[in-house]
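In: Only the shape, not the letters, is given here:
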């Protein structure tokens, strides 16, 4: 068989397009594979964005709801305090204050200690609500050795002259005594102040 130059060219040309066709097929398949891999990534990204938006909405909505509830509670307790502060308690009729041993300690020092605890607010002491003091009696003893005022607090319903709480006020530091106040801090010490609720 005699091949001419022309035949050789045709054979060469016919093989060349086959290589190109194969390369085109391979090139066409690569984008399909990358599209297949890109699709799950896009779906996951979309789900993350949607979930994040939902969480942001949920947290914002919860915050607004709790803020509303808080403001409602504050408003109601403020109105309760306003109504109780409008109530005028009369010394000698509703309550009685007695200062004793004023030669040992002056009234202004006692008042300062009572203010530090909020025990000088008659409306709060008389208030029987959950936020109020609900006190029946307050006794203050002066411990000169420890430079301490010991406040014995008696809530309504106390029994056997046992205080509900005993706290101390350090006269040197002008602050509440953060150490535990013991009975020997006030036993056999002079009583300098008493507040008693007279009305039931």
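Out: Perfect, I can see it now. Since this is a predicted model, take the numbers as computed values, not measurements.
In: where along the chain do the helices fall?
Out: Along the chain, the stretches classed as helices by DSSP state H are 5-86, 107-117, 122-126.
In: Give the buried residues for the shortest one.
Out: What it means is helix 122-126. By 16 or more other C-beta atoms under 10 Å, the buried positions in helix 122-126 come out as 122, 124-126. Any C-beta I mention is one placed from the backbone N, CA and C, and that applies to glycine too.
In: so what does that helix touch, helix or strand wise?
Out: Secondary-structure packing of helix 122-126 (3 or more C-beta pairs under 8 Å, 6 or more residues apart in numbering; DSSP states H and E): helix 5-86, strand 95-99, strand 135-143, strand 191-197.
In: Is it possible to get TSV of the buried residues of helix 122-126 that adds distance to residue 94?
Out: Shown next, in TSV, are the buried residues of helix 122-126 (distance: C-beta to C-beta, whole Å):
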residue	distance to residue 94
122	8
124	13
125	10
126	7
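In: Can you tell me which of these is closest to residue 171?
Out: Proximity of the buried residues of helix 122-126 to residue 171 (C-beta to C-beta) peaks at residue 125, which lies at 22.2 Å.
In: Does the closest one touch residue 153 like I think?
Out: No. Contact criterion C-beta atoms under 8 Å: residue 125 and residue 153 do not qualify, at 9.5 Å.
In: where do the contact lists of the two overlap?
Out: Shared contacts of residue 125 and residue 153, defined by C-beta atoms under 8 Å, 6 or more residues apart in numbering, are found at 119, 135, 138.
In: The first one: neighbouring residues, count only.
Out: It stands for residue 119. 22 (other C-beta atoms under 10 Å).
In: give me every residue that touches the residue nearest to residue 142 when sequence neighbours are not counted.
Out: Among residues not flanking residue 142 along the chain, residue 192 sits closest, at 4.7 Å (C-beta to C-beta, 6 or more residues apart in numbering). Shown in contact with residue 192 (C-beta under 8 Å, 6+ apart): 99-102, 104-105, 110, 140-142, 149.
In: Then residue 156?
Out: Contacts here follow C-beta under 8 Å, 6+ apart; on that basis residue 156 touches 128, 134-136, 197.
In: Now a ChimeraX select for only the buried ones of those.
Out: To isolate the buried members of those in ChimeraX, using 16+ other C-beta under 10 Å:
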select :134,135,136,197
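In: Let me know the closest of the contacts of residue 156 to residue 91.
Out: Ranked by distance to residue 91 (C-beta to C-beta), these are led by residue 197 at 11.6 Å.
In: The closest one contacts residue 135, correct?
Out: Yes. Applying C-beta under 8 Å, one finds residue 197 in contact with residue 135, separated by 6.5 Å.
In: re earlier: take the contacts of residue 192 and write them to JSON lines, including distance to residue 174.
Out: Below are these laid out as JSON lines (distance: C-beta to C-beta, whole Å):
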{"residue": "99", "distance to residue 174": "20"}
{"residue": "100", "distance to residue 174": "22"}
{"residue": "101", "distance to residue 174": "21"}
{"residue": "102", "distance to residue 174": "20"}
{"residue": "104", "distance to residue 174": "18"}
{"residue": "105", "distance to residue 174": "14"}
{"residue": "110", "distance to residue 174": "13"}
{"residue": "140", "distance to residue 174": "15"}
{"residue": "141", "distance to residue 174": "18"}
{"residue": "142", "distance to residue 174": "15"}
{"residue": "149", "distance to residue 174": "11"}
